[in-house]
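Engineer: generate a structure from the sequence data that follows.
(chains A and B)
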Amino acid sequence: AQKITQTQPGMFVQEKEAVTLDCTYDTSDPSYGLFWYKQPSSGEMIFLIYQGSYDQQNATEGRYSLNFQKARKSANLVISASQLGDSAMYFCAMREGQGTYKYIFGTGTRLKVLA
Amino acid sequence: GAGVSQSPRYKVAKRGQDVALRCDPISGHVSLFWYQQALGQGPEFLTYFQNEAQLDKSGLPSDRFFAERPEGSVSTLKIQRTQQEDSAVYLCASSHTDRVNYGYTFGSGTRLTVV
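Structural biologist: Alright, predicted model coming up:
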């Protein structure tokens, strides 16, 4: 079974609008971390935001926020005020358990911001 | 250096050839990871080093894959007798062990094409 599911292969958003990228996950471990990474065409994975399973509040980092719905096992990324430079692949990832280091990545969503 | 550096950026190998991919992590980063990213997929874990110790190599797809980090800094991923299914982007990442919730810093990857 897929541990991380990203159901949107591609998304378009108008510049300055907000966009939500979906991510659902599957784990039976009560302790886990959820991450979002951006991968521009240059290839490197850029860390955006982190949400711990015990965190009470949704994570925010500048224009990025994570809509964490634990009961639904979803961790959607919200990008506000989209910019042309936001066009990239976006990957949701999970680390299971305490003290673990392996990421399990989803298949990604390609976001295109339109001028 | 300021970021994780990988070389070469691109590598074309004839089937059966041996290749070596290099990763220069951020100075002082204890943890180093290798991931394999097939076309259109998310990265998949290959192996993990803490300093010079290879603590996890469970993701290496076959015994043709070998990784080392002899002095706890630069790492080399070696693939012997390359096959077409080895064609992928190989990503290296590093982190401070105690900053795991801040995400890893990835390099831009080496795109390996086996012909």
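Engineer: which parts of chain A sit against chain B?
Structural biologist: Counting by C-beta under 8 Å from any C-beta of the partner chain, the residues of chain A close to chain B are A:4, A:33, A:35, A:37, A:42-48, A:50, A:52, A:91, A:93, A:95, A:101-108. The C-beta positions use only the backbone N, C-alpha and C, and glycine is treated the same way.
Engineer: rerun at 7 Å
Structural biologist: Residues of chain A lying close to chain B (C-beta under 7 Å from any C-beta of the partner chain) are A:33, A:35, A:42-45, A:47, A:50, A:52, A:91, A:101-103, A:105-108.
Engineer: can you flag the buried ones in these?
Structural biologist: A:33, A:35, A:43-45, A:47, A:50, A:91, A:101-103, A:105-108 (16 or more other C-beta atoms under 10 Å in any protein chain shown).
Engineer: what two of the residues you listed are the furthest from one another?
Structural biologist: By the measure C-beta to C-beta, A:Gly33 and A:Gly43 form the most distant pair in those, at 23.7 Å.
Engineer: any stretches of the chain with poor pLDDT?
Structural biologist: This is for chain A. A:1-2, A:99 (pLDDT under 70).
Engineer: wait, chain B
Structural biologist: B:1, B:98-100.
Engineer: now, the residues of chain A next to chain B that are in strands?
Structural biologist: Taking DSSP state E, the ones among these that sit in strands are A:33, A:35, A:47, A:50, A:52, A:91, A:105.
Engineer: just put the residues you listed in a markdown table and tack on distance to B:Tyr104.
Structural biologist: Shown next, in a markdown table, are these (distance: C-beta to C-beta, whole Å):
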| residue | distance to B:Tyr104 |
| --- | --- |
| A:Gly33 | 12 |
| A:Phe35 | 9 |
| A:Phe47 | 7 |
| A:Tyr50 | 11 |
| A:Gly52 | 16 |
| A:Phe91 | 12 |
| A:Phe105 | 12 |
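Engineer: need the contact list for residue 10.
Structural biologist: The chain I'm using is chain A. A:109-110 (C-beta atoms under 7 Å, 6 or more residues apart in numbering or on different chains).
Engineer: the chain in question should be chain B.
Structural biologist: Contacts of B:Tyr10 by C-beta under 7 Å, 6+ apart are B:Arg111.
Engineer: would you mind measuring from it to B:Arg22?
Structural biologist: 13 Å (C-beta to C-beta, to the nearest Å).
Engineer: just A:Gly97 next, same as before
Structural biologist: 31 Å.
Engineer: with A:Asp29 instead?
Structural biologist: Taking C-beta to C-beta, one finds A:Asp29 at 35 Å from B:Arg22.
Engineer: follow-up on the earlier one: closest to A:Cys23 out of the buried ones among the residues of chain A next to chain B?
Structural biologist: Closest to A:Cys23, out of all of these and judged by C-beta to C-beta, is A:Gly106, at 6.2 Å.
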